[in-house]
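**Q** A predicted structure for the sequence below; I have some questions about it.
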Amino acid sequence: MTTYPQLETGALSQFPVQKNRRPRTVVNEASDGSTIKLTDPPGAVTEWVLTYAELSDTEATALLGFFAAVEGTLNGFTFLDPAGNLLAWSDQLTEAVWQIDPLLGLTGGKADPEGGTLGWQLSNIGAAGQGVGQTLAVPGAYQYCLSAYVRAATAASVGLTAGSQAVQRAVTSEWTRISWTSNGDAQATSVRFGIEIGAGDVVEVYGLQVEAQAAASGYKASTLGGVYEGAHLGDDVLTITSTDANRHSCKVKITYANHL
């Protein structure tokens, strides 16, 4: 499926980003006049309005090419939420969306750096690295930032992974936010993001986050994740205004409704 393009900076949008979510409630009115109301999660609609300024010729051309490829509002595409965490169930590492290596122990309910108990203890009882990760249906050629809070009773290191690539980050006894910006495998249509610890190591982790941009923003806990397959443009016209040589501006409206 076609994916909404990144800018030359690696970001998907500029500030301000407007995001609205409209839930739907089903109301059943009985013959006696009473009503029963039920939430209808599949009926929710999420909309974004992306405002762009100072776009280069290349960026403006990419947006126009994308608009032509999806034929305005007609065809769906994959949209990576610029205001969200791409990972699903970021605070619940035992949910089915996570892939856990067989010799990695996970213990929840640990203190986290924000004063709660949403931290996780990772324990490696194997003789090689073990980790936990999540595979996202996103293009490997895009730029991503993977981040997490980590600490350990004794000095250690953790590996951050994106597809076949990995990097090591030091872990101290204090909560520290680590991050890594990389691309996945260029031809891949999905990327597995994860965190791995060495043999015999015990590390506490909180706030795993993946964003389609060059650096980490504040942690955003997620349940559904920020990968929206089947999003649509909100308008059949894309107006790009040239403000100077190699400088352009426009607004793009994007809508996602999983019941359509």
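**A** Looks like it arrived, so ask away.
**Q** T35 against V27, yeah?
**A** Yes - counting by CB atoms under 8 Å, T35 touches V27, with 5.6 Å between them. Placement of C-beta: from N, CA and C, glycine included.
**Q** was I right to think D81 contacts E229?
**A** No - assessed by CB under 8 Å, D81 is found out of contact with E229, at 11.8 Å.
**Q** so, low pLDDT: which residues of the protein?
**A** Applying pLDDT under 70 to the chain flags the ranges 41-42, 259-260.
**Q** tell me where this protein has helices.
**A** Using DSSP state H, the helices of the chain run over 57-70.
**Q** report the central residue of it.
**A** With distances taken as CA atoms, centre = their mean, L86 lies nearest the centre of the chain, 1.3 Å away.
**Q** who are the contact partners of that residue?
**A** By CB atoms under 8 Å, 6 or more residues apart in numbering, L86 lies in contact with 80, 136, 138, 144, 209-212, 222, 225-227.
**Q** could you redo the last one with a cut-off of 6 Å?
**A** 136, 210, 225-227 (CB atoms under 6 Å, 6 or more residues apart in numbering).
**Q** how close does it get to A162?
**A** 12 Å (CB to CB, to the nearest Å).
**Q** again with T117
**A** The value you get for T117 to A162, if CB to CB is used, is 29 Å.
**Q** neighbour count: those two, which is higher?
**A** A side-by-side neighbour count of T117 and A162, using other CB atoms under 10 Å, places A162 first with 23 against 9.
**Q** the nearest residue to that one once chain neighbours are set aside: how many residues sit nearby?
**A** With sequence-adjacent residues excluded and distances taken as CB to CB, 6 or more residues apart in numbering, A162 is closest to S182, at 4.9 Å. By other CB under 10 Å, 17 other residues sit near S182.
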